[in-house]
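Asker: I'll drop the sequence and a predicted model, then ask my questions.
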Amino acid sequence: MHTVVERELEMKLVLSPERSAAVPVRLCYRSDDPFAVHVVFHIGSASPVHWTFSRELLVEGVFRPCGQGDVRVWPTKVGSRDVICMALTSPDGDALLEAPSLPVSAWLERTLRVVPPGREREALEIDEGLSALLRSATPTPGDELYLADPWQNDEGRESGT
């Protein structure tokens, strides 16, 4: 069974030092995708904008600047408010967003209770899935051809001769 942890909040899209626009956002974490966080920005267009990046990046970004390239995250203060800044870069443009620290941190804590750090691989259930796949792959009559050594014969000669 997989768990989903969601949180809706409002971020500010920074347009200039003096101007910003409110953007409704949904944060989503799924235990079946334990390394990632999904951020959906509802920007008033026909379709929302989706970003997916490392949960570890966001966790670290709550405490100190981190990331490079397309996603950078860092904590700061705006006036008396504690915020988490996200700088997002894509071929379509760049965006700087501010999220209130408290709700993002609380949401992250919930995700960490669902899948603790270092336990992400276990949450993927790769071993269980692989075992089930291999159990279901029992040979049936006629499979002998597929189970034979494909390198047994080299140009019509038996190998090792």
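Answerer: Cool, the structure landed.

Asker: low-scoring pLDDT stretches of the chain, where are they?
Answerer: For the chain, the stretches flagged by pLDDT under 70 are 123, 125-161.

Asker: for the chain, just list every one of the strands.
Answerer: 4-14, 20-30, 36-41, 49-54, 66-68, 71-78, 81-90, 93-100, 153-154, 157-158 (DSSP state E).

Asker: tell me which of the ones you listed sits nearest to residue 107.
Answerer: strand 4-14 (4.1 Å; CB to CB). (C-beta placed from N, C-alpha, C; glycine too.)

Asker: contacts for the closest one next, please.
Answerer: 20-31, 41, 86, 95-100, 103-104, 106-107, 110-111, 114 (CB atoms under 8 Å, 6 or more residues apart in numbering).

Asker: give me the angle between the longest helix along the chain and strand 71-78.
Answerer: Ranked by residue count and defined by DSSP state H, the top helix of the chain is helix 101-114. Helix 101-114 runs at 130 degrees relative to strand 71-78, counting by axes from the mean of the first three to the mean of the last three CA atoms, to 10 degrees.

Asker: contact partners of helix 101-114?
Answerer: 3, 5, 7, 9, 27, 29, 31, 37, 55, 58-59, 62, 75, 81-84.

Asker: go with 6 Å
Answerer: Outside of helix 101-114, the residues within contact range by CB atoms under 6 Å, 6 or more residues apart in numbering are 3, 5, 7, 9, 27, 29, 31, 59, 62, 82, 83, 84.

Asker: picking up where we left off before, which one of the strands of the chain lies closest to residue 120?
Answerer: Comparing the strands of the chain under CB to CB, the one sitting nearest is strand 36-41, at 9.5 Å.

Asker: list the helices and strands that closest one packs on?
Answerer: Helices and strands touching strand 36-41, as assessed by 3 or more CB pairs under 6 Å, 6 or more residues apart in numbering; DSSP states H and E, comprise strand 20-30, strand 49-54.

Asker: that strand pairs with which strands, parallel or anti?
Answerer: Using DSSP bridges, strand 36-41 pairs in its sheet with strand 20-30 (antiparallel), strand 49-54 (antiparallel).
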